[in-house]
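Peer 1: Generate coordinates for the sequence data below:
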Amino acid sequence: MTYQHSYARSISDPVAFWAEQADQLAWYHKPRQTLINNTDGSHCWFADGRLNSCYLALDYQIEQGRGEQTALIYDSPVTATQQRFSYRELRDEVARLAGLLRELGVRKGDGVVIYMPMVPQAAMAMLACARIGAVHSVVFGGFAANELALRIDDAKPTLVLTASCGLEFDRVIEYKPLIDRALQLASHQPRHVLVQQRPQAKAALQPGRDLDWQQALVNAQPVAPVELSATDPLYIMYTSGTTGKPKGIVRENGGNAVALSYTMRHIYGMQAGDVWWGISDVGWVVGHSLIVYGPLMTGCTTVFYEGKPIRTPDAAAYWRVVEQYQVNALFCAPTAMRAIRKEDPHGELLAGYDLSSLRQLFLAGEKLDSSTHQWLEQVTGKPVHDHWWQTETGWPVTAPCVGLEGSAARPGSSNRAVPGYHVQVLDDDGHLLGPNQQGAIVIALPLPPGCSQTLWGDHQRYLQAYLNTYPGYYHTGDGGYLDDDGFVYIMGRTDDVINVSGHRLSTGEMEDLVARHAAVAECAVIGVHDDIKGQVPLALVVLKDGEELAEQKLQAELVANVREQIGALACFNRMRLVKRLPKTRSGKILRAVLRKIADGQAYVPPSTLDDPAVLGEIEAVLADLPRAG
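Peer 2: Alright, predicted model coming up:
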């Protein structure tokens, strides 16, 4: 099967193409109705199919003779713990936990929030929900109580699963106080909170509501996977919204399973028995697609890593894992490799490890700069592939499909669209642009299986955010262009969502928090270049008349507020006082111009600019910012 043939067929006859891919799965009832196009532009894949994602990931693999194969490797340098679970052992743990969830009143369609660090129990919790048809929503453990409360109110979980703490190389982060505070802020209250006690910090349990995970499991009885419709939701994944209210991306069971099966085999070139390492957190879409569901549904061994690229213990941490577990391919964000490069620029630490098992490295989550790309290929001697996808799509939109013959890679681009995605570029009026013309990156409908077709409890917001801007197309929110050979170049977001170390965060939400300060008259928060994190937020603040608050004191107060409300992962620690902000005559702040000034890029003052002199003032204030090298 060649890339060219697969891609052409997926675009010309998507129904036949995806029906063939669906045949690769073990359905309880195979779908006869492959695609339904809804009148509002959304669509439905495999509507009459019946399956269970946990069964595909565990029970089916055992039936294929993989019961004693290692399914999950847990490696935690922060606790000096290493653990292996065979497919049979993992299935048994998940089945008992699923039985406990059912005893606690969780039923098919109920919401379950999982707020956990990178421990095996987090994956078990996800799979246990999938086993009984509950809809899990994993919230990254670094989010503050306020963000967690917003997600609890939106998902309305019957149960919350958590751990007593998460761990960094230099500190213990207690989760239970954050859970307690979130539930004080939230209107919705779950029946129970199930707490995995970790030895590094024991949590105080609230009688009647909180349960000790290990104790509750003692008498739990295992349950079998339930039969679900392909269109039943598997999980909710919250992503930043420009209004400050998170968007609950809904992933359906059937489309997700078909898409991930295709992804692992044809995009990443993985087969049953291979060792795959998705380096991320279960709180993000990568954790769902490339740590839990994708690898296990393919019969791979997945590495579950609780640590950092550096300081756990050093910049060779990743290479130690590759050698020790004979990793065949890995995925990570460019920010991780930039951190390694910063501490080991000549690959001296890497030289001490055997990477012969490693076939290739895939990087995504943010733009892969050419210098990091070249450095990584040089020091590892392995192919390094950039590719691009989104929380909304759930699997890659563009990538070199290493499992298909004839697929090519082009450094500097995010590579060609993978089969199923008809990527195009439009101008502001919705007209198609030719090669090398920059505009809005869109995907012609129908979207392939696995892509979100709605938001949790708010379908109109989904239509407004993704389908209404350009009728007939999914609006990615990214800008860029295609070259003469169809390679896609992503130039950045077209809205105010920035990418900090692979985490999509709303500058609008941060802006709202900054604006609440009593001394602030108005402000703009923009994403600026950072050599390690890709982007970090920068606040430009105009003080109220008569305010004489010292800049350092104001910055400390704003940083503390954003850290409390959003979390440390926002990396909000830069602020500049300015006399005024550049605006159009209608009063709109020119954030795109501010971003270019901050990054030292050339720009053309728009004709609608109210006062051109303000741009010189801003340039002087931002002259000392680090620029892209």
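Peer 1: shaky segments in this protein?
Peer 2: Scanning the chain with the threshold set as pLDDT under 70 gives 241-244, 495-496, 585-587, 607-608, 629.
Peer 1: how about the top helix by length along the chain: buried residues?
Peer 2: For the chain, the longest helix by residue count, based on DSSP state H, is helix 87-103. Of all the residues in helix 87-103, those buried under the rule 16 or more other Cβ atoms under 10 Å are 87-88, 90-91, 93-102. Where you see a C-beta, it was placed from the backbone N, CA and C, and this is true even at glycine.
Peer 1: Kindly reformat those residues as a markdown table containing distance to Ile152.
Peer 2: What follows is these, written out as a markdown table (distance: Cβ to Cβ, whole Å):
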| residue | distance to Ile152 |
| --- | --- |
| Tyr87 | 33 |
| Arg88 | 34 |
| Leu90 | 28 |
| Arg91 | 30 |
| Glu93 | 26 |
| Val94 | 24 |
| Ala95 | 27 |
| Arg96 | 26 |
| Leu97 | 21 |
| Ala98 | 22 |
| Gly99 | 24 |
| Leu100 | 20 |
| Leu101 | 17 |
| Arg102 | 21 |
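Peer 1: Tell me the one among the residues you listed nearest to Asn328.
Peer 2: Tyr87 (17.7 Å; Cβ to Cβ).
Peer 1: Could you report the neighbour count for the closest residue to that closest one other than its chain neighbours?
Peer 2: Leaving aside its sequence neighbours, Tyr87 sits nearest to Ala71 (Cβ to Cβ, 6 or more residues apart in numbering; 4.3 Å). By other Cβ atoms under 10 Å, the residues close to Ala71 number 26.
Peer 1: Repeat that for Pro606.
Peer 2: Pro606 has 13 neighbouring residues, counting by other Cβ under 10 Å.
Peer 1: Touching, it and Pro582? I think so.
Peer 2: No. In terms of Cβ atoms under 8 Å, Pro606 does not count as a neighbour of Pro582; the distance is 9.1 Å.
Peer 1: Need the contact partners of the helix or strand Val322 falls within.
Peer 2: Val322 belongs to helix 317-325 when elements are defined using DSSP states H and E. The list of residues contacting helix 317-325 from outside it, by Cβ atoms under 8 Å, 6 or more residues apart in numbering, reads 73, 75, 77, 275, 277, 279, 301, 303, 305, 307-310, 327, 330, 332, 336, 340, 349-350, 352-355, 357-358.
Peer 1: Just the buried residues of those residues.
Peer 2: 73, 75, 77, 275, 277, 279, 301, 303, 305, 307-310, 327, 330, 332, 336, 340, 349-350, 353, 355, 358.
Peer 1: tell me the domain boundaries of this protein?
Peer 2: 86-226, 442-493, 497-621 (automatic domain parsing).
Peer 1: got CSV for those, with distance to Val258 too?
Peer 2: Putting the domains of the chain into CSV (distance: least, Cβ to Cβ, whole Å) gives the following:
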stretch, distance to Val258
domain 86-226, 15
domain 442-493, 5
domain 497-621, 25
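Peer 1: still on that earlier bit, sort out for me which of the buried ones among the contacts of helix 317-325 are in strands.
Peer 2: With strands taken from DSSP state E, the overlap with the buried ones among the contacts of helix 317-325 comprises Ile73, Asp75, Val275, Trp277, Thr301, Val303, Tyr305, Leu330, Cys332.
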